[in-house]
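*Asks:* Take this sequence and fold it.
(one chain, ligands or ions: 2)
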Amino acid sequence: MGKWYAGVVHSHTTRSDGIFSPDELVKKAEEKGLDFLIITDHNQFCDPVPSSDKILVIPGTELTKNGGHTNIWGLTHPIDNFDCDTYEEWNAKIKSAKEAGATVCINHPFCSQCGWRWEALEPEKADCVEIWNSPQHTDNMTCTAWWQDELRKGKKIPVVGGSDFHRDYYVTDFLANPTSYVYAEECTQEAILSAIRAGHVTISPNVGKTMIEITSGGKMMGDTVKLSENTTVLIKTDNLKKGHTLKVIDNDGVKFEFKARKTGPYSVTLPIDKPGFICAQIEYDMNPVIAPIYIKIDRKISHNENLTKLPPFIYAQTSAIYFEV
Ligand SMILES: [Zn+2]
Ligand SMILES: [Zn+2]
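*Replies:* Ligands and ions are numbered 1, 2, ... in the order given. Model (predicted):
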């Protein structure tokens, strides 16, 4: 019997360009109520791994190249060096990291500033993709739409959300925004990383905030369910806020949506009669007073001069569950 563990899968310390030392970051993660923290400094190994008797700390590194950023989790020295200038070299690098036992994640591939620039974006080469990077913004919406299109091609791609934490801004605390909730047998490095590879993940805006779960029989997100005549799927959220919309997405687009008139838990059971994937997300429209300010900031950061209207933003997002005949 497993349970959900709240984690940060992408973070930086003073070993690269973060402002907290590894020990300070661990303390902050403990205070935040996280169950695990993965430290992923740019082109730096996490050795020694900071110790904690409260949370699990997993070593990692962010292989940071002009062609793209890749998190490599689970080993103090997953690769020999950070030399990697071509896509072929990237392939060889992550292959050897995986052979050594590491878990590999393609980070923020649609980031306007440091997205994927290699000639091919092949999610199947990695173990998962970070579709939600740092507090919610338009690049993540582009990435989520791309991911769902890849699923429509029949691929199975586990996803995570990474806060990519470097520092706090004024009074804001961006650690764990977003949080990856991982359903694992126990809170050990092996169990957490294997659950991420299996897609047993749902992304929440922060620790203890709204989560969505999908189950079908005894299976959950990441799993593949054999279709029968009366296969159903249960989508459940612990806290759907007033005005937010729960959307269930499948191969054809939006399969189901529900806009909440009051805040509270919500669940729905839907029949499944054809193969493909199902994932769920909660969407909201940005407050019309804040939206124009947000657009200004987003234009500046994303260099997206054409941005005049914000798309609905995702407040919580699940991995996909798959159905086969
Ligand atoms: Zn990065
Ligand atoms: Zn990063």
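
*Asks:* Domain-wise, how is this protein divided?
*Replies:* Listed by automatic domain parsing, the domain ranges of the chain are 1-209, 210-325.

*Asks:* If you average the pLDDT over stretch 13-30, what comes out?
*Replies:* In this model, stretch 13-30 has an average pLDDT of 96.

*Asks:* residues making contact with that stretch?
*Replies:* Identification of contacts with stretch 13-30 by Cβ atoms under 8 Å, 6 or more residues apart in numbering yields 8, 11-12, 37, 39, 41-44, 46, 50-52, 54-55, 57, 62, 165-167, 175-176. All C-beta atoms are positioned from the backbone trio N, CA, C, and that covers glycine.

*Asks:* What of stretch 35-50?
*Replies:* Here stretch 35-50 makes contact (Cβ under 8 Å, 6+ apart) with 5-13, 15-18, 22-23, 25-26, 29, 55-64, 71-73, 76-78, 82, 182, 187, 192.

*Asks:* same question, stretch 301-308
*Replies:* Residues from elsewhere that reach stretch 301-308, judged by Cβ under 8 Å, 6+ apart: 112-113, 137-139, 295, 298-299.

*Asks:* Same check on stretch 164-172?
*Replies:* Contact with stretch 164-172 is made by 8, 10-12, 17-20, 25, 107-108, 133-134, 174-176, as judged by Cβ under 8 Å, 6+ apart.

*Asks:* Contact partners for Thr202?
*Replies:* Thr202 sits next to 4, 180-181, 211-213, 221, 316-319 when contact means Cβ under 8 Å, 6+ apart.

*Asks:* of those residues, closest to Thr237?
*Replies:* Distances from Thr237 to the contacts of Thr202, taken as Cβ to Cβ, are shortest for Ile212 (4.6 Å).

*Asks:* these two touch, right, the closest one and Gln317?
*Replies:* Yes - with contact defined as Cβ atoms under 8 Å, Ile212 reaches Gln317; the gap is 7.4 Å.

*Asks:* between these two, what contacts are shared?
*Replies:* Here Ile212 and Gln317 have 202, 280-282 as joint contacts, going by Cβ under 8 Å, 6+ apart.

*Asks:* Alright, I will stop here.
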